[in-house]
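> Take a look and give me a structure for this.
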Amino acid sequence: MHVQVLGKTDEEIRMVVDEINPQFANCLRRIMISRIPTLAVEYVNFHKNDSALYDEMLSHRIGMLALKFDPKVFKIKDNCDCEGKGCSQCEIVFVLEKSGPCKIYASDLKSSDSDAASIVHSETLLGELLEGQELKLDAVASLGLGKTHAKHQAAHVYFRQYPSVKVGKVSNTDEVIQSCSKRALSLDGKGSVTVDCDLCGECVKTANPKGSVEVSGVKHKFIFDVETISGLTAEQIFLKSIDVLKKEAKDFGKQVSKLK
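Next comes the predicted model:
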């Protein structure tokens, strides 16, 4: 497998992954979406809630907040030394205490250890308090997987085949080029196409004579787009997906060896 990074920020990464098949590509996608541990609020203890929102509604809003965290600090509860009872290695508490009139933002949730975990989008509006209303709560966050709940989903991930173009003799080159809304096509005698091409086939329909332009996907080459929706960077998510894949392949090998 060969990986070429086309563009990268903390939030998104686009890369070309070569020498893999569609099944392997989809395996990577599913791991990045649902098998990377992320931190999210698991339950909320309400001490007072005079707001217009029911406890359940406010809990849901808080639970869906993305939390930035240090993966080296936290363990999944099942793998923690406390055996899932809850401790500083597998849980962290966010406290909120507000009196109206005011708006309640995610930034009002104060972490018990801001170095270990914090809110990603602190400007998110959670609710509003009127004159005389109060809200007091503490929210307990822990690691989990996207396959068990959407709040732990690490990223939006999709992939597509790398585009390739074959060009014969075209009667009107400009017309074919203009037919591509993304301006991804270039006809210089040999023909070329950028990674923005989504294989829609409009240039093929426009080409005259018919069949003079052929755009197809390269069989074992894919473009991946990874956008984080969690507290991890897009690059961290991709690298962790490789680690998960290696571990599961190793575990699968052990299980198969028992059958011999």
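> List the contacts of Thr173.
Thr173 sits next to Leu187 when contact means Cβ atoms under 8 Å, 6 or more residues apart in numbering. Every residue, glycine included, has its C-beta placed from N, CA and C.
> Give the buried residues for whichever strand or helix holds Val226.
Take DSSP states H and E as the rule and Val226 turns out to sit in strand 213-228. Neighbour-count burial for strand 213-228 flags 213, 215, 217, 220-226, 228 (criterion: 16 or more other Cβ atoms under 10 Å).
> strands paired with that strand, and their directions?
In its sheet, strand 213-228 lies beside strand 12-18 (antiparallel), strand 155-167 (antiparallel), with partners assigned from DSSP bridges.
> if I look at Ala184, how far off is His47?
57 Å (Cβ to Cβ, to the nearest Å).
> Show me which of these two is the more surrounded one.
Ala184 (20 against 12; other Cβ atoms under 10 Å).
> any idea which of the buried residues of strand 213-228 is least confident?
pLDDT across the buried residues of strand 213-228 is lowest for Val213, at 82.
> Skip the chain neighbours and tell me the closest residue to it.
Ala207 (3.9 Å; Cβ to Cβ, 6 or more residues apart in numbering).
> Quick check: the one you found vs Val215, distance?
Distance from Ala207 to Val215, by Cβ to Cβ: 10 Å.
> next one: Gln236
34 Å.
> Phi, psi for Gln255 please.
In terms of degrees, to the nearest 10, the main-chain angles of Gln255 are phi -70, psi -40.
> cool, and Glu175?
The phi/psi pair for Glu175 (degrees, to the nearest 10) is phi -60, psi -40.
> Spatially, what comes nearest to it if we skip its sequence neighbours?
Thr206 (5.8 Å).
> Now do the helix or strand where Leu58 lies, average pLDDT.
Remark: Leu58 resides in helix 55-63, with elements defined by DSSP H and E. Model confidence over helix 55-63, given as mean pLDDT, is 95.
> which residues touch that helix?
Against helix 55-63 from outside (Cβ under 8 Å, 6+ apart): 40-44, 46, 49, 51, 53, 94, 109, 126-127, 137, 139, 151.
> Which member of those residues is positioned nearest Pro163?
Lys151 (35.4 Å; Cβ to Cβ).
> So the closest one: helix, strand or coil?
Put simply, Lys151 is helix when judged by DSSP: H, G, I helix; E, B strand; the rest coil.
> Surely it and Met64 touch.
Yes. Assessed by Cβ atoms under 8 Å, Lys151 is found in contact with Met64 at 5.3 Å.
> Overlap of the contact sets of the two?
If you check Lys151 and Met64 against Cβ under 8 Å, 6+ apart, the residues they both contact are Ala40.
> wait, what's in contact with Arg29?
With Cβ under 8 Å, 6+ apart, Arg29 has these contacts: 157-159, 224.
> Check the residues you listed for burial and list the buried ones.
Once neighbours are counted (16+ other Cβ under 10 Å), the buried part of the contacts of Arg29 comes down to 157, 159, 224.
> got the residues you listed as JSON lines, with distance to Cys80 columns?
Formatted as JSON lines, those follow (distance: Cβ to Cβ, whole Å):
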{"residue": "Val157", "distance to Cys80": "28"}
{"residue": "Phe159", "distance to Cys80": "34"}
{"residue": "Phe224", "distance to Cys80": "32"}
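> tell me which of those residues is nearest to Ser99?
Val157 (42.2 Å).
> Relative to Thr148, how far out is the closest one?
18 Å.
> and what of Pro37?
11 Å.
> ditto for Asn45
The value you get for Asn45 to Thr148, if Cβ to Cβ is used, is 22 Å.
> check which helix or strand covers Thr148.
Counting by DSSP H and E, Thr148 is found in no helix or strand.
> just checking, Phe224 touches Asp18?
No. Between Phe224 and Asp18 there is no contact under Cβ under 8 Å: 11.1 Å.
> rewinding a little: hmm, which of the contacts of helix 55-63 are the buried ones?
40-42, 44, 49, 51, 53, 94, 109, 126-127, 137, 139, 151.
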